[in-house]
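Asker: dropping a prediction and its sequence here:
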Amino acid sequence: MARVVSVFLPNWPTDRLRRKAGDTAPPVDAPFVVSGRVGNRRMLTAVDEAAQALGLRAGMPVSKAQALVPGLLIEPADPVADADSLERLALWMLQRFSPIVAVDQSDGIVIDSTGTAHLHGGEAAMLDALVGRLVMSGLSARAAVADTWGAAHALARHAANPTCLAVPGTTEAVLAPLPLEALRLSPAISAGLRDLGFASIGGLIGQPRAPLTRRFGPELCRRLDQALGEIAEPIEPVRPDDLIEIRRSFAEPIAAAETIARYICKLVLALCERLEERGLGARRLDLICHRIDNDLQIVRIGLAKPVRDPKRLTRLLCDRIETIAPGLGIEIMSLAATLAEPLAAKQTASSLLEDPAPDLSGLIDTLANRVGARAIYRFAPVPSDVPERSVRRIPALADDTGAGWPSHWPRPARLLPRPEPIETLALLPDHPPAWFTWRGIRRRMRRADGPERIFGEWWTREAERTAVRDYFRVEDEAGARYWIFRSGDGQDTAAGSHRWFLHGVFG
């Protein structure tokens, strides 16, 4: 089933100007608007959140806005620059989220996420990552995912806070309570429908189409059918000028898996020749299959490092053939290196002189394209005494950070995401517990070592200025070893609550 993401940027013109100004941008709490000419009148074309809070709206005369807010910051509108910047943002999303990305009107972006959400940890994680990156860049953003472009567009603008995920197959139910404007209708049609007593999309669903078409023209029913998925609404993706792409059209549509695999091999060979001419290696490949019913089937693979080995790339793409639904047949196949990086040719080391270093990139690529790149990682140390802050995840083939693991005290092989409370009995202030209960099971101690005292990081937050933890390595009667700690020094309540927690398990 197709899935579409709609990204709504409600304050795009003002956000763009703030980002362009950089350090010289006005404060976030200062009302900021953009004005342009509508006929012979100067009107507000965009207002930021601070201006909206003061009652300013797009379409308001500039003279009225200045009377309401003395000293209002006004910049001239530049629709061309807004459109160019929005297209560059779409190209950025093309490289990172999906091969089918397009500009949606003047304030949004639409993404066909079919077959790519698993690479980002699922749809919810993908929406959170997308909105999070935009917000961190200084942009106001909301996003929604649904079965159709029209439904996702409506949810992003009228339901997302800041994200909204429509369960597959529930398009009609999620659209029903939304206002008529969510269907991307002209203001005249929306006003006419309200005059007839319609207040939401749900009132239109199931109505006879002929009277509506005679009164409002074909636009109303077309938009409604597009939102409900009754008729297709293809997305014309943006493409960078320097994109390396190979296309193959077929006189007769193909559908057999063996035939698809054969042409994938041909496309990969041609693509690798282009990459070699430019001295590049692919970091991300997008295979797009155009079916005869105008549906698109998408396969995206990522690579841990630049690659232009035809056999390896063909194998990774062919492993995903089972996700392609050819329908009545595929008439066009295209393969693009959406993300490419320099890759210089190098001589292979002779096995007679030295042993070649093991190359794990092939295994990592295979696993990452099956379970998602975020699921494949390794740990790197962070200079911090607080255990949960002393480790972070980095890409599997990332360069060595140069930091080392502590060697003066052993650390558990498995560190819990957060310490879990346990029930125990111990003699304060320096004795380990005689037993503890964790996850409903009581464990009696056979031996213990400690305490190892760890102080809080006072520069992180004020509450850690006097915080203390005493850690013990303990072993129960079954031979299992755990890493537990007491919050506090066992004497002064200002150092901690004196409650006990389990923080790790030794292998």
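Answerer: That came in fine, so what should we check first? No experiment lies behind these values; they were computed from the predicted model shown.
Asker: distance of the residue nearest to residue 142 when sequence neighbours are not counted relative to residue 145?
Answerer: Take residue 142 and drop its neighbours on the chain: the residue closest to it by C-beta to C-beta, 6 or more residues apart in numbering is residue 160, 4.0 Å away. Yep, even glycine has a C-beta here, placed from its N, CA and C like the rest. Per C-beta to C-beta, to the nearest Å, residue 160 is found 10 Å from residue 145.
Asker: same question, residue 394
Answerer: 28 Å.
Asker: give me the more crowded residue out of these two.
Answerer: The neighbour count for residue 394 versus residue 145, taken as other C-beta atoms under 10 Å, is higher for residue 145 (26 against 13).
Asker: please verify my assumption that residue 244 contacts residue 338.
Answerer: No: with contact defined as C-beta atoms under 8 Å, residue 244 does not count as touching residue 338 (9.0 Å).
Asker: contact partners for residue 239?
Answerer: residue 245 (C-beta atoms under 8 Å, 6 or more residues apart in numbering).
Asker: spell out the secondary structure type for it.
Answerer: In three-state terms, and counting by DSSP: H, G, I helix; E, B strand; the rest coil, residue 239 is coil.
Asker: now the lowest-mean-pLDDT helix or strand in the chain, how far from the chain's geometric center?
Answerer: The weakest-scoring helix or strand in the chain, judged by mean pLDDT, DSSP states H and E, is helix 361-371 (a mean of 79). Centroid separation for helix 361-371 versus its chain: 19 Å, with C-alpha atoms, centre = their mean, to the nearest Å.
Asker: list the helices and strands that helix packs on?
Answerer: Other helices and strands packing on helix 361-371, by 3 or more C-beta pairs under 8 Å, 6 or more residues apart in numbering; DSSP states H and E, are strand 296-307, helix 310-318.
Asker: and among these, the most buried is which?
Answerer: Among these, the stretch with the highest mean neighbour count (mean count of other C-beta atoms under 10 Å) is strand 296-307, at a mean of 20.
Asker: helices and strands around it, which ones?
Answerer: Using 3+ C-beta pairs under 8 Å, 6+ apart, strand 296-307 is in contact with strand 280-291, helix 310-318, strand 330-342, helix 361-371.
Asker: tell me the angle of it relative to helix 361-371?
Answerer: Strand 296-307 and helix 361-371 meet at an angle of 150 degrees, taking axes from the mean of the first three to the mean of the last three C-alpha atoms, to 10 degrees as the criterion.
Asker: follow-up on the earlier one: please name whichever of the helices and strands packed on strand 296-307 is nearest to residue 496.
Answerer: With C-beta to C-beta as the criterion, residue 496 lies closest to helix 361-371 of those, at 39.2 Å.
Asker: need the contact partners of the closest one.
Answerer: Counting by C-beta under 8 Å, 6+ apart, 118-119, 301-305, 307, 312, 316, 319-320, 375-376, 396-397 sit against helix 361-371.
Asker: swap the cut-off to 10 Å and go again
Answerer: The set of residues external to helix 361-371 that reach it, using C-beta atoms under 10 Å, 6 or more residues apart in numbering, is 118-119, 121, 285, 299-307, 309, 312-313, 315-317, 319-320, 373-378, 395-397.
Asker: could I get the buried residue list for that helix?
Answerer: Across helix 361-371, burial judged by 16 or more other C-beta atoms under 10 Å covers 361, 364-366, 368-369.
Asker: residue 259 and residue 450, how far apart?
Answerer: In terms of C-beta to C-beta, residue 259 sits 65 Å off from residue 450.
Asker: so where's the stretch 251-400 of the chain uncertain?
Answerer: Low-confidence segments of the stretch 251-400 of the chain (pLDDT under 70): 345-357.
Asker: residue contacts, the most far-flung residue of the chain relative to its centre?
Answerer: Distance from the C-alpha centroid of the chain peaks at residue 427, with 49.2 Å (C-alpha atoms, centre = their mean). Residue 427 sits next to 433-434, 490 when contact means C-beta under 10 Å, 6+ apart.
Asker: ok, so of those, who is nearest residue 382?
Answerer: Using C-beta to C-beta, the contacts of residue 427 come closest to residue 382 at residue 490, 28.2 Å.
Asker: quick one, phi/psi of the residue farthest from the centre of the chain?
Answerer: With angles defined as degrees, to the nearest 10, residue 427 sits at phi -90, psi 120.
Asker: direction-wise, compare the helix or strand residue 272 falls within with strand 280-291 and give the angle.
Answerer: Using DSSP states H and E, residue 272 sits in helix 257-278. Compare the direction of helix 257-278 with that of strand 280-291 by the same axes, to 10 degrees and you get 150 degrees.
Asker: which strands and helices sit next to helix 257-278?
Answerer: Secondary-structure packing of helix 257-278 (3 or more C-beta pairs under 10 Å, 6 or more residues apart in numbering; DSSP states H and E): strand 244-254, strand 280-291, strand 296-307, helix 310-318, strand 330-342.
Asker: now distance to residue 47 too, for those, in JSON lines please.
Answerer: Formatted as JSON lines, those follow (distance: least, C-beta to C-beta, whole Å):
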{"stretch": "strand 244-254", "distance to residue 47": "40"}
{"stretch": "strand 280-291", "distance to residue 47": "38"}
{"stretch": "strand 296-307", "distance to residue 47": "37"}
{"stretch": "helix 310-318", "distance to residue 47": "47"}
{"stretch": "strand 330-342", "distance to residue 47": "36"}
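Asker: among the ones you listed, which is nearest residue 190?
Answerer: Short answer: strand 296-307, nearest of the helices and strands packed on helix 257-278 by C-beta to C-beta, at 30.9 Å.
Asker: just checking: what are the partner strands of the closest one?
Answerer: If you go by DSSP bridges, strand 296-307 pairs up with strand 280-291 (antiparallel).
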